[in-house]
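Participant: Fold the following.
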Amino acid sequence: MTILVTGATGTVGRHVTEQLVQRGAAVRALTRNPDRARTILPDGVEIAAGDLMRTETLQDALRGVEAMFLIVSSDEPQADLNTDPRVVAMAREAGVKRVVVLVGFEEGPVEEAVRESGMEWTLVKPVEFMANVLSDWGPSIREEGVVRELNGNAPSARVHEGDIAAVAVEALLGDGHHGKSYVLTGPEVLTRMEAVRAIAAGIGKDIRFEELTEDEARQRWREQGYDEESIDFFVQMAFQPPEVGHTVLPTVEQVLGRPARTLTEWAAEHKHLLL
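Facilitator: Numbering: from 1, shown residues only. The predicted structure is shown next:
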C-alpha cells in the first residue's frame, strides 16, 4: 500500500513520514520543494512535486495511492497554504480508500468534503503544538535565557508533535479509526510560567519569565508585521483561551497504548535547539 503524505516537510508531516517508514510502509511525500525534501526526509521515500492549492499538479502524486495524510493549512512559519477541497474528490477518484486529516483551528470545507466522500476518514485535532516553543520562545531562550509573554497564567495542554503523528500513523495503518474525530492534548495543563519551568528542567538551563503588559505585547506583534485583527485575536487567546486547549484528554494514550509525552520530555529531546 502506497501512502501519500502531504505537508511532508512540516512539523507533523515529517514525523508522519519517518514513522511510516519505520513501520515498513511505502511512502510518497508531496512537497512544493522537492530539493529540500530530499535533504530532510528518510531514504526510500518517493518525492512528488505538487501543491494542494493547485489541483492540476496532483494527478501524478495520487496515482496508485491507497491512503493519504492530508493537511488543510501549513504548520510551517510564513508558508501560505489553504488546501483546495477539490483535492478530496480527486483522491477518491484516484482510488484512495483512507484519509487522515490534520485539522487546523476549526473544521472547514475540506473536512466537510472528507466526511461526505465515502472514503474511510479520521480527523486529528491537536491543541497547541509543543514545537511552537522553537519559533515563539527559542531565540530568546538561546540568546538571553528569558521568555517574554503576555499573561503568564494562560493555560495550555500542549501536545508533542510526534504524538500527533503517531496517532495519524495508527489511523493510516490500523483499523477501527473510521469516523473518529480525535482531539489530541498533552498529559498536563501548564501555564506559560509553568511551561517555562518545564522547559528549563528539560534542557538544564535557568530561564526567566518576564510578563509583558498588553501594550508591550501589542507593540511587539505590530513590529513582527501582524495586523490589528490578528493582534486582537492573540490578546483574546492570552486571556480567554478556549477550554478545549487546556483540557487534558486521554486520547493519545487510548490510541497508542502509552502516555502522551510531557513538555519536559519534549524539551530534553530538543535541547540542542534551545541552548
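
Participant: quick one: low-confidence ranges for the stretch 1-150 of the chain?
Facilitator: For the stretch 1-150 of the chain, the stretches with pLDDT under 70 are 74-80.

Participant: Tell me how far the residue of the chain most remote from its centre lies from Trp221.
Facilitator: Distance from the C-alpha centroid of the chain, by Cα atoms, centre = their mean, peaks at Asp215 (29.7 Å). Shown here: Asp215 relative to Trp221, a distance of 11 Å by Cβ to Cβ, to the nearest Å. From N, CA and C alone the C-beta is placed, and that goes for glycine too.

Participant: for Glu149, same thing?
Facilitator: Glu149 is 12 Å from Trp221, where distance means Cβ to Cβ.

Participant: do the same with Gly50
Facilitator: In this view, Gly50 and Trp221 are 33 Å apart by Cβ to Cβ.

Participant: Mind checking which of those two has more residues around it?
Facilitator: It is Gly50, of Gly50 and Trp221, that has more neighbours when counted by other Cβ atoms under 10 Å, with 23 against 18.

Participant: Surely that one is in contact with Leu30?
Facilitator: Yes. Under the criterion of Cβ atoms under 8 Å, Gly50 makes contact with Leu30 at 4.9 Å.

Participant: Just want the phi and psi numbers for Gly162.
Facilitator: Gly162 adopts backbone torsions of phi -70, psi -30, taken as degrees, to the nearest 10.

Participant: mind listing what it touches?
Facilitator: Shown in contact with Gly162 (Cβ atoms under 8 Å, 6 or more residues apart in numbering): 15, 19, 261.

Participant: To what extent is the last one buried, counted in neighbours?
Facilitator: When you say that, I think you mean Arg261. Around Arg261 there are 20 residues (other Cβ under 10 Å).

Participant: Distance-wise, check Leu102 relative to Gln254.
Facilitator: Taking Cβ to Cβ, one finds Leu102 at 19 Å from Gln254.

Participant: could you pull out the strands for the stretch 101-250 of the chain?
Facilitator: 120-126, 146-150, 155-156, 180-184, 190-191, 208-212 (DSSP state E, counting those that start in this stretch).

Participant: Out of the ones you listed, which gets nearest to Thr39?
Facilitator: strand 120-126 (26.2 Å; Cβ to Cβ).

Participant: who does that closest one touch, helix- and strand-wise?
Facilitator: Strand 120-126 makes packing contacts with strand 98-102, helix 109-115, helix 161-173, strand 180-184 when contacts are defined by 3 or more Cβ pairs under 8 Å, 6 or more residues apart in numbering; DSSP states H and E.
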